[in-house]
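Novice: The amino acid sequence is not available; the structure is as follows:
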């Protein structure tokens, strides 16, 4: 479905009547560098992409929310008065989680008919879930404000999305995905400090290069992966460090020098590997932002490559598919840097590729991937776009 007219037509087909339909959108995100640092209070550097979750919606005068996706047959019906009952919905549980959090936060909630077009590839590590959460929060935030109720900022809506995923869906995610989806700005990346949510917008000037995303097409489900295990390993490692560094509040506050002086406090060798990744990944984010501000794309590319190696060897979240994509890409002429992006265990890589090399990049990487893995990768060239909004 390519435009709002088609989405409106599909909405009428499912819900009848063309009056009062409104449109909202919120993007997926690509994290340029800074992986698995967000829930450790560290630094991340994401950007919103031009692919969005778009919803056609009409307010109802009762407490019923009906939810459908354009590529699914069923309509999920949710009663706001019994919001805790929908955790096992196949499609609609993320939306129900957002409604649950907004109810708890004191927003005035109302029923609605909603038709989602999920333009962010699912299971690709581009955070289709955050796009769905944030666009849902945008809708009900707008309705609450219009009813004279509470109105949240984009940061508030990001936090609602994160809480929905933590408390309702059961994935212990950090704040980065929802933050990027809610606060994104065209042609800007967000240099975000995750412990206090202070951030700076940094212009992304890639000159004669483009961001190319390569999808393994291996579906990953973070809730069923080792994501929560990695998080608890980091908590364990930080608890060890805190005994010798009592003034620190999170891993994001520890510099590489401080870590090297105190790392003997961590006795578990696996936990030590995880913490080493986080400390040096934070340092790579700081160096990357500095490089991009001075127009040094080549250094940024090197930091991306180092990040992938660390995620493979120390954090162990890549897997054969992601390694094949990233390591093949790094050897192709015209590629400045390439790394996995997102939670890992499948999903996507992000590469910076010279524009005149993109066709060759897709051909070479695509052929080697198919030969090694047995099925095709998908390739996308996205622009950096705006965050969650109503489309007037």
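Specialist: All right, it came through fine. Just so it is clear, the model here is predicted, and its values are computed rather than measured.

Novice: C-alpha from now on. contacts and neighbour counts both.
Specialist: Noted.

Novice: who's residue 190 bridged to?
Specialist: residue 201 (DSSP bridges).

Novice: Can you check the pLDDT for it?
Specialist: For residue 190, the model assigns a pLDDT of 95.

Novice: Now that it has come up, it's in contact with residue 34, right?
Specialist: No. Using CA atoms under 8 Å, residue 190 is not in contact with residue 34; the gap is 11.3 Å.

Novice: Overlap of the contact sets of these two?
Specialist: 44-45 (CA atoms under 8 Å, 6 or more residues apart in numbering).

Novice: what's the longest strand in the chain?
Specialist: Ranked by residue count and defined by DSSP state E, the top strand of the chain is strand 46-59.

Novice: Tell me the first helix or strand C-terminal of that one.
Specialist: strand 64-69 (DSSP states H and E).

Novice: what's that following strand packed up against?
Specialist: strand 76-79, strand 112-118 (3 or more CA pairs under 8 Å, 6 or more residues apart in numbering; DSSP states H and E).

Novice: That strand to strand 46-59, inter-axis angle?
Specialist: Computed by axes from the mean of the first three to the mean of the last three CA atoms, to 10 degrees, the angle separating strand 64-69 from strand 46-59 equals 130 degrees.

Novice: So what touches strand 64-69?
Specialist: So strand 64-69 is contacted by 74-80, 91-92, 110-118 (CA under 8 Å, 6+ apart).

Novice: strand partners of it, parallel vs antiparallel please.
Specialist: Assessed with DSSP bridges, strand 64-69 is paired to strand 76-79 (antiparallel), strand 112-118 (parallel).

Novice: Show me how far it is from its chain's centre.
Specialist: 23 Å (CA atoms, centre = their mean, to the nearest Å).

Novice: Repeat that for stretch 226-236.
Specialist: Mean C-alpha position of stretch 226-236 versus that of the full chain (CA atoms, centre = their mean) differs by 18 Å.

Novice: Could you pull up the mean pLDDT of that stretch?
Specialist: 91.

Novice: quick one: buried residues of it?
Specialist: 227-228, 230-231, 233-236 (16 or more other CA atoms under 10 Å).

Novice: same thing with stretch 97-105?
Specialist: 97-102.

Novice: Residue 387 contacts residue 29, doesn't it?
Specialist: No. Under the criterion of CA under 8 Å, residue 387 makes no contact with residue 29, lying 9.5 Å away.
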